[in-house]
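A.B. asks: Sequence unavailable; structure follows:
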């Protein structure tokens, strides 16, 4: 059973960088044909895709967030990380990490429980 767990600060000040880590167990982030994604849900709104890092290490980002986003990985720890620069209160959301199966029509198979991040001074 694959499990994902988000971790990071729950409060970030405006203009700072939000940094979250997703720790994966039960599967390797380098395993073929899986992408590892970050998604968020602002209060009262729907899910918003942020980006993902592929099993090959290639990254893909939402065009609307691309200029501020970086997703990286540490294969020795089986973790991948989100960094979002220059945050504003509009970046307040529950942030999720998830595994995406390429061979299953990009199905979001497994999700972390989510972590609340609030941007406020």
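C.D. replies: On my side now, so go ahead. Just so you know, these numbers come straight off a predicted model, no measurement behind them. Numbering: from 1, shown residues only.
A.B. asks: Residue 26: neighbour count?
C.D. replies: As a burial measure, residue 26 scores 11 neighbours (other C-beta atoms under 10 Å). C-betas here are computed from N, CA, C, even on glycine.
A.B. asks: got a pLDDT number for residue 107?
C.D. replies: pLDDT for residue 107: 88.
A.B. asks: I'd say it and residue 101 touch.
C.D. replies: Yes - at 4.9 Å, residue 107 counts as touching residue 101 under the criterion of C-beta atoms under 8 Å.
A.B. asks: Any chance you could list what contacts the host helix or strand of residue 53?
C.D. replies: Applying DSSP states H and E as the criterion places residue 53 in strand 48-54. For strand 48-54, contacts defined as C-beta atoms under 8 Å, 6 or more residues apart in numbering pick out 29, 34-42, 59-62, 65-66, 69, 71-73, 80, 82, 84, 93, 95, 100.
A.B. asks: what is the residue nearest the centre of the chain paired to in the beta sheet?
C.D. replies: Closest residue to the average C-alpha location of the chain: residue 38 at 2.4 Å, with C-alpha atoms, centre = their mean. Using DSSP bridges, the bridge partners assigned to residue 38 are residue 51, residue 97.
A.B. asks: Next one: it from residue 121, what distance?
C.D. replies: 24 Å (C-beta to C-beta, to the nearest Å).
A.B. asks: Check residue 69 too.
C.D. replies: In terms of C-beta to C-beta, residue 69 sits 22 Å off from residue 121.
A.B. asks: Just list what the helix or strand of the chain with the lowest mean pLDDT packs against, helices and strands only.
C.D. replies: One helix or strand of the chain scores below all others by mean pLDDT, DSSP states H and E: strand 107-111, with a mean of 94. Packing contacts for strand 107-111, counted by 3 or more C-beta pairs under 8 Å, 6 or more residues apart in numbering; DSSP states H and E, involve strand 3-7, strand 93-101.
A.B. asks: go again using 6 Å as the cut-off
C.D. replies: Under the contact definition 3 or more C-beta pairs under 6 Å, 6 or more residues apart in numbering; DSSP states H and E, strand 107-111 sits against strand 93-101.
A.B. asks: Okay, buried residues for the strand it packs on please.
C.D. replies: 93-100 (16 or more other C-beta atoms under 10 Å).
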